[in-house]
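# sharing a model that was predicted from the sequence below.
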Amino acid sequence: MTTIRLHNTLSRTKEDFVPLDPSNVRMYVCGPTVYDRAHLGNGRPVVVFDVLFRLLRHVYGEGAVTYARNFTDVDDRINETAQKRRAAGAEGSLEDLIHQRTEETIAWYHADMDALGTLRPSFEPRATEYIGGMIAMIQTLIDKGHAYEVAGHVLFKVRSYPAYGRLSGRSVDDMIAGARVEVAPYKDDPMDFVLWKPSDASLPGWESPWGRGRPGWHIECSAMSYELLGASFDIHGGGIDLQFPHHENEIAQSCCALGSGFARVWMHNEMLMVEGRKMSKSLGNFFTVRDLLDQGVPGEVIRYVMLMTHYRSPMDWTAEKARIARGALEDFQSIVADHIGRSVSPDDADPRIIDALADDLNTSLAIHYLYDLAKKRQAETLLASLHLLGFDFSTLQDATWSADDVTLTLSELAAQMTALRETALTTKNFAPVDALKSALIAAGVEVRMSKSGVELVPGPGFDPAKLGGL
RNA sequence: GGCGGGUUGGCGGAGAGGUUACGCAGCGGAUUGCAAAUCCGUGAAGACCGGUUCGAUUCCGGUACCCGCCUCCA
């Protein structure tokens, strides 16, 4: 069996991956807060961990991997949106408006992530459906002396967990010395973080032993991962920006409440950059996955660009990379065209590609082997390998030019041009051929002439409407 | 201020202590009515300064610069 090696943030080294239970490999990845469209940066971990999910399924079996990714659907930004809608005259209670907002956002998220060729996780828990588990976990933390109630809040007592800071490599004292810690007057210690906070009538809330309120962000993932994957599981993933404080706090909560090892391997993807800076909400330099799809960038191209860079390196999104990705995918597509739709087994994938992925998801090296397979015209192996990496060409075709009538029009034009050209070769009058060629190029069609005839391929700026008069 | 990551050819981006990454672009050739596309070939690198070594871009130390986290974020 293939040995998978993964970089564990906890140890800061690559380790052989040994699942707790090979018949049920368990992975949890922090999902989105559903208050708006996912930006491109949100897409990176989804793609990265989708590759890992596919690899694990390949190695351990499709039914032997459980993947949970949450939706955070209780959040102040969601509340704000709902409140704004109500202020703008929207019908319904605040709870209804919040529910509408999160449902609509989840539907967007699914559509956008599906377009990137990512598989749906085994579980997609919503925080609001696990409030009971959160309350129980918070109560356990209070009972064990790791949390305290004050002024309607419940706070985690960071000093009660000596290992706090292990994941992120910080000491509590250093963090306090670094200032910028939120100082709320009711905290025993500046580092303590909130597990439960009170809600007034204008906010969603749930009854609890500490009054009507809502959970803090960190406790959500601890409660959901526990209920779905158990007190100990194999892999916990997310963006590197979540390493602290979110993941550190999850560890503190889960380990203190459950007395277990919690997640064994922690994996963090690096950030997605734009113009050399992190794409983030606060910098306002983001665009959404949907923006790109609407601009005609196929989801598979986005996926390919993401896989060009190793997940632990920062990745810059550029139009140039999208162009290269598209070119590569179109090359691969033309090579495997005759095999698309046939059943392919991941077992037929190039073993070098499996090994590359098994070596801490070296997708860049995997792509190197794709080129090698393409060069050698090993169509079946190439297709199986592409499947393993999550490319099935459905979105590439949908997003571009697969409409039958367009294909038909192009083949008619190609035949027409071939005829014109044959005539021209004897008459030596190439003007009619050149006129047609110019018109096709103007419509964004790539004209490929050879001895055998003319081939017309839609190019990057292809506009079917401009074929009308030809 | 504390912590973490990075610096590879024109650009993107991997591996390996000694042997071609690869892709894009360039250059040369084949092909072509002209082009494009395609095919073949090809030059080019590892921030800086030390150390270890027979040998380092690859290991170790230092310097410089860049990025991230410490505040909602994937």
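Right, received. Where do you want to start?

# nearest to RNA strand B: which residue in chain A?
residue A:239 (1.7 Å; Cβ to the nearest atom of the strand). To be clear about C-beta, it is placed using only N, CA and C from the backbone, and glycine gets the same treatment.

# for beta bridges, what are the partners of that residue?
Beta-bridge partners of residue A:239, counted by DSSP bridges, are residue A:269.

# so for it, what's the pLDDT?
Predicted confidence (pLDDT) for residue A:239: 94.

# residue A:470 now?
Residue A:470 is given a pLDDT of 66.

# my guess is residue A:361 contacts residue A:48. True?
Yes - with contact defined as Cβ atoms under 8 Å, residue A:361 reaches residue A:48; the gap is 6.9 Å.

# which residues do these two both contact?
Common contacts of residue A:361 and residue A:48 (Cβ atoms under 8 Å, 6 or more residues apart in numbering): residue A:311.

# related to what we said a few turns ago, how about the contacts made by the residue of chain A closest to RNA strand B?
Counting by Cβ under 8 Å, 6+ apart, residue A:239 touches A:30, A:41, A:44-45, A:268-269, A:271.

# equivalent analysis for residue A:2, please.
A:59, A:354-355, A:358.

# can you list which of the residues you listed are found in helices?
Judged by DSSP state H, the contacts of residue A:2 include A:59, A:354-355, A:358 as members of helices.

# need the residues you listed in CSV with neighbour count, can you?
Shown next, in CSV, are the ones in helices among the contacts of residue A:2 (neighbours: other Cβ atoms under 10 Å):
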residue, neighbour count
A:59, 21
A:354, 21
A:355, 16
A:358, 19
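
# okay, the contacts of residue A:239 in a markdown table with secondary structure next?
Listed next are the contacts of residue A:239 as a markdown table, based on DSSP: H, G, I helix; E, B strand; the rest coil:
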| residue | secondary structure |
| --- | --- |
| A:30 | coil |
| A:41 | helix |
| A:44 | helix |
| A:45 | helix |
| A:268 | strand |
| A:269 | strand |
| A:271 | coil |
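
# those residues: which ones sit near RNA strand B?
Subset of those in contact with RNA strand B: A:30, A:41, A:44-45, A:269, A:271, counting by Cβ under 7 Å from any atom of the strand.

# looking at neighbours, which among those is most surrounded?
Greatest neighbour count in these, by other Cβ atoms under 10 Å, goes to residue A:269: 27 neighbours.

# correct me, but it touches residue A:311?
Yes - at 4.5 Å, residue A:269 counts as touching residue A:311 under the criterion of Cβ under 8 Å.

# shared neighbours of those two, which are they?
In contact with both residue A:269 and residue A:311: A:44, A:48, using Cβ under 8 Å, 6+ apart.

# point out where the stretch 51-200 of chain A drops to low pLDDT.
Flagging of the stretch 51-200 of chain A using pLDDT under 70 yields the residue ranges A:176-183.

# most centrally placed residue in chain A?
Closest to where the C-alpha atoms of chain A average out (Cα atoms, centre = their mean) is residue A:46, at 1.8 Å.

# only the buried residues of the helix or strand harbouring that residue, if you could.
Per DSSP states H and E, residue A:46 falls inside helix A:40-60. For helix A:40-60, a neighbour-count test (16 or more other Cβ atoms under 10 Å) marks A:40-60 as buried.

# surely residue A:328 and residue A:375 touch.
No - look at residue A:328 against residue A:375 with Cβ under 8 Å: they stay out of range, at 11.9 Å.

# these two: which is more packed in?
Neighbours per residue, other Cβ under 10 Å: of residue A:328 and residue A:375, the larger number sits with residue A:328, 17 against 11.

# now the spatially closest residue to residue A:206 that is not a sequence neighbour: how far from residue A:380?
Leaving aside its sequence neighbours, residue A:206 sits nearest to residue A:131 (Cβ to Cβ, 6 or more residues apart in numbering; 4.9 Å). Residue A:131 sits 50 Å away from residue A:380, going by Cβ to Cβ, to the nearest Å.

# compare those two and say which is more crowded by neighbours.
A direct count of neighbours by other Cβ under 10 Å for residue A:131 and residue A:380 places residue A:131 higher, at 19 against 16.

# export the helix or strand where the more buried one lies to CSV, keeping only CA atoms.
Residue A:131 is located in helix A:131-143, with elements delineated by DSSP H and E. Written as CSV, here are the backbone C-alpha positions of helix A:131-143 (Å, rounded to 0.1, in the frame of the first residue of the first chain):
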residue,chain,number,x,y,z
ILE,A,131,-25.7,24.1,19.5
GLY,A,132,-26.7,21.4,22.1
GLY,A,133,-23.3,19.7,21.7
MET,A,134,-21.5,23.1,22.1
ILE,A,135,-23.4,23.8,25.3
ALA,A,136,-22.6,20.4,26.7
MET,A,137,-18.9,20.8,25.9
ILE,A,138,-18.8,24.3,27.4
GLN,A,139,-20.5,22.9,30.6
THR,A,140,-17.9,20.1,30.7
LEU,A,141,-15.1,22.7,30.5
ILE,A,142,-16.7,24.7,33.3
ASP,A,143,-17.0,21.5,35.4
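
# the following helix or strand past that helix pairs with which strands?
Using DSSP H and E, the helix or strand that directly follows helix A:131-143 along the chain is strand A:147-150. Paired strands of strand A:147-150, with direction, are strand A:153-156 (antiparallel) (DSSP bridges).

# hmm, who's touching the partner strand?
Against strand A:153-156 from outside (Cβ under 8 Å, 6+ apart): A:138, A:141-142, A:146-149, A:186-188, A:192-198, A:210, A:249, A:252-253.

# hmm, 10 Å instead?
With contact meaning Cβ atoms under 10 Å, 6 or more residues apart in numbering, strand A:153-156 is reached by A:135, A:138-139, A:141-142, A:146-149, A:164, A:184, A:186-189, A:191-198, A:208-211, A:213, A:215-216, A:218-219, A:249, A:252-253, A:256-257.

# only the buried subset of the residues you listed, as a PyMOL command please.
In PyMOL, a selection of the buried entries from the contacts of strand A:153-156 looks like this (16+ other Cβ under 10 Å):
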select buried, chain A and resi 135+138+139+141+142+146+147+148+149+164+187+191+192+193+194+195+196+197+198+208+210+213+215+216+218+219+249+252+253+256+257
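
# I'd like to know which of the contacts of strand A:153-156 are part of helices.
A:135, A:138-139, A:141-142, A:218-219, A:249, A:252-253, A:256-257.

# returning to that earlier point: pLDDT for the contacts of residue A:239 - can I get that in TSV?
Formatted as TSV, the contacts of residue A:239 follow (pLDDT from 0 to 100):
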residue	pLDDT
A:30	95
A:41	93
A:44	96
A:45	96
A:268	95
A:269	95
A:271	92
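
# all good on my end, thank you.
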